[in-house]
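Enquirer: Just to be clear, the model below is a prediction. Sequence and coordinates:
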Amino acid sequence: MNFNLSEEQKELQNSARKFAQNELIEIAEQIEKTDEPPSIAVRKKYAELGYLGININESYGGSGGTHLDAVIVLEEIAKVSIGVAFPIFESCFGPCLAIAHFGNEKLKNWLLPKICSGDLILAVSMSEPNAGSALTDLTTKGIIEDDMVVLNGTKRWCSGAGHSEAYVVYCRMSEEQGAKGIGAVVVEKGTPGFSFGKRDHHMGFRGIHSADMYFDNVKVPLENILVPAGGFGKLMDAFDLERCGNTTMSLAVAQSAFDYVLNYTQERKQFGKALIDFQATQIQIAEMKLKLDAARMLLYRAVANAEQGLPSIADSSIAKCFANETAREVTGKAIQLMGGYGYSKEFPIEQKMRDAWGWGIAGGAIDIQKINIASALVGRRFNQRS
């Protein structure tokens with residue numbers, strides 16, 4: 001078992017880090033101010049560098065790299081800002097992985113090259129007003145009529161709603177209750193009957209839009225079916241890899257906050273000496289480093305074990321849960337070490353804390369991950385319903 005990156009991976013990491021620090025900081029600051037996503041020009045630049053679809057097969061426009069390659073690049077970009085990194089997140093760990101694993105050739109040839117070229121962002125639409133953690137309670141219906149799927153319903157909490165060009169929509173495609181009736185179809189933005197509500201405004205996640213999505217007799221061809229009724233298990237298998245992307249974003253937020261505060265504590269002086277010279281500071285710094293290294297190892301284990309397919313629900317849930325909690329803890333400690341400066345918008349740590357909190361909600365809340373872990377340990381699913 002080798003815990004070191006290869007020379008090629010180190011080179012990839014260094015090049016992504018230099019690019020992020022040299023070209024993305026001002027763009028990230030603008031995203032934070034305007035709450036608007038990265039421009040098409042930024043997405044095209046990512047495509048030129050091969051950062052979009054790093055782990056997508058070359059025959060579909062990707063770079064043919066590993067999931068670990070994608071993690072390495074995503075972390076370096078997300079250290080600057082999760083908003084500026086979001087197109088890379090979606091192209092490497094979003095629903096495009098479900099397309100790559102389970103989609104028909106029409107969907108693969110239509111969507112994957114456009115994702116990898118920066119022309120299209122594909123978002124996933126899962127949650128509904130009454131189906132969040134209880135996802136199998138969703139009521140949006142996709143009824144097959146002749147050669148079309150007709151969608152009706154409402155979706156909520158879709159990251160990318162409004163500015164993404166296409167959506168993988170989870171829906172009930174048969175009369176069977178629970179997971180057995182659920183499948184998914186791809187819907188393009190602009191399809192008649194498909195509309196968006198007012199944008200949500202989050203405490204963090206600037207540049208990552210969210211809004212209610214309405215489907216009023218929206219018709220898409222049968223070829224847009226990703227998985228039919230009964231395919232919910234496949235969808236969640238692919239979503240386990242998306243959780244690795246969530247883990248990476250959490251880790252990047254925490255690592256960048258740590259890097260900043262480690263430097264700050266060596267420069268800031270109180271009582272005539274640097275903060276780092278106080279034992280209380282040293283203990284806090286050490287505890288932060290311990291959690292960061294552990295989170296990275298759990299993430300690397302999950303993606304390394306998934307290189308021949310998709311990660312296990314246990315590996316992805318353990319990594320996500322630990323990284324989500326680590327991000328919240330590390331950014332909180334960073335603010336405390338900086339005192340009033342940490343709480344000020346003139347410094348970057350308060351933004352890091354706002355962003356850190358969101359990843360423990362997105363992609364399955366922390367407590368849901370713990371239930372997944374327990375389920376994996378005993379080999380059965382738990383029924384949360386009365």
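Expert: Thanks, I have the structure now. Numbering: from 1, shown residues only.
Enquirer: continuing past the longest strand belonging to the chain, what's the next helix or strand?
Expert: In the chain, assigned by DSSP state E, the strand with the most residues is strand 211-221. Next helix or strand after strand 211-221 toward the C-terminus (DSSP states H and E): strand 225-227.
Enquirer: what lines up beside that next one in the sheet?
Expert: Here strand 225-227 is paired, per DSSP bridges, with strand 182-188 (antiparallel).
Enquirer: The strand it pairs with vs strand 211-221, what angle?
Expert: 90 degrees (axes from the mean of the first three to the mean of the last three C-alpha atoms, to 10 degrees).
Enquirer: can you pull the buried residues of the helix or strand just after strand 182-188?
Expert: Once the chain leaves strand 182-188, the next helix or strand it forms, by DSSP H and E, is strand 194-199. In terms of neighbour count (16 or more other C-beta atoms under 10 Å), strand 194-199 has its buried residues at F194, F196. From N, CA and C alone the C-beta is placed, and that goes for glycine too.
Enquirer: Residues in contact with strand 194-199: which ones?
Expert: Residues from elsewhere that reach strand 194-199 (C-beta atoms under 8 Å, 6 or more residues apart in numbering): 151, 161-162, 187-188, 209-216, 218.
Enquirer: List only buried entries from these.
Expert: Buried among these by 16+ other C-beta under 10 Å: 151, 161-162, 187-188, 209-215, 218.
Enquirer: tell me which of those is nearest to Q279?
Expert: Proximity of these to Q279 (C-beta to C-beta) peaks at S210, which lies at 43.4 Å.
Enquirer: Contact partners for that closest one?
Expert: Taking C-beta under 8 Å, 6+ apart, we find S210 in contact with W157, C158, S159, G160, A161, R199, D200, H202.
Enquirer: quick one: which of those sit in strands?
Expert: R199.
Enquirer: neighbour-wise, which of the contacts of S210 leads?
Expert: Top of the contacts of S210 by neighbour number is G160, holding 25 neighbours under the definition other C-beta atoms under 10 Å.
Enquirer: Report pLDDT for that one.
Expert: In this prediction, G160 carries a pLDDT score of 93.
Enquirer: F205 is in contact with that one, correct?
Expert: No: with contact defined as C-beta atoms under 8 Å, G160 does not reach F205; the gap is 10.7 Å.
Enquirer: Strands of the protein, start to end?
Expert: If DSSP E is used as the criterion, the strands of the chain fall at 122-125, 141-145, 148-155, 166-172, 182-188, 194-199, 211-221, 225-227, 269-270, 273-274.
Enquirer: how about those strands in a markdown table, adding mean pLDDT?
Expert: Below are these laid out as a markdown table (pLDDT from 0 to 100):
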| stretch | mean pLDDT |
| --- | --- |
| strand 122-125 | 96 |
| strand 141-145 | 96 |
| strand 148-155 | 97 |
| strand 166-172 | 97 |
| strand 182-188 | 97 |
| strand 194-199 | 95 |
| strand 211-221 | 97 |
| strand 225-227 | 97 |
| strand 269-270 | 96 |
| strand 273-274 | 98 |
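Enquirer: returning to what we had before: can you dump the C-alpha atoms of the longest strand of the chain in CSV for me?
Expert: Extracted C-alpha coordinates of strand 211-221, given in CSV (Å, rounded to 0.1, in the frame of the first residue of the first chain):
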residue,chain,number,x,y,z
ALA,A,211,-34.2,27.2,-7.0
ASP,A,212,-37.4,25.3,-7.1
MET,A,213,-38.0,23.5,-10.5
TYR,A,214,-41.4,23.0,-12.0
PHE,A,215,-42.4,20.4,-14.5
ASP,A,216,-45.8,20.9,-16.1
ASN,A,217,-46.4,18.3,-18.8
VAL,A,218,-42.8,18.4,-19.8
LYS,A,219,-42.2,16.0,-22.7
VAL,A,220,-38.8,14.3,-23.4
PRO,A,221,-38.0,11.4,-25.8
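Enquirer: dump the residue contacts of the residue nearest the centre of the chain.
Expert: Centroid-nearest residue in the chain, with C-alpha atoms, centre = their mean: N246, separated by 3.9 Å. N246 is in contact with F93, K320, A323, N324, W359, A362, G363, counting by C-beta under 8 Å, 6+ apart.
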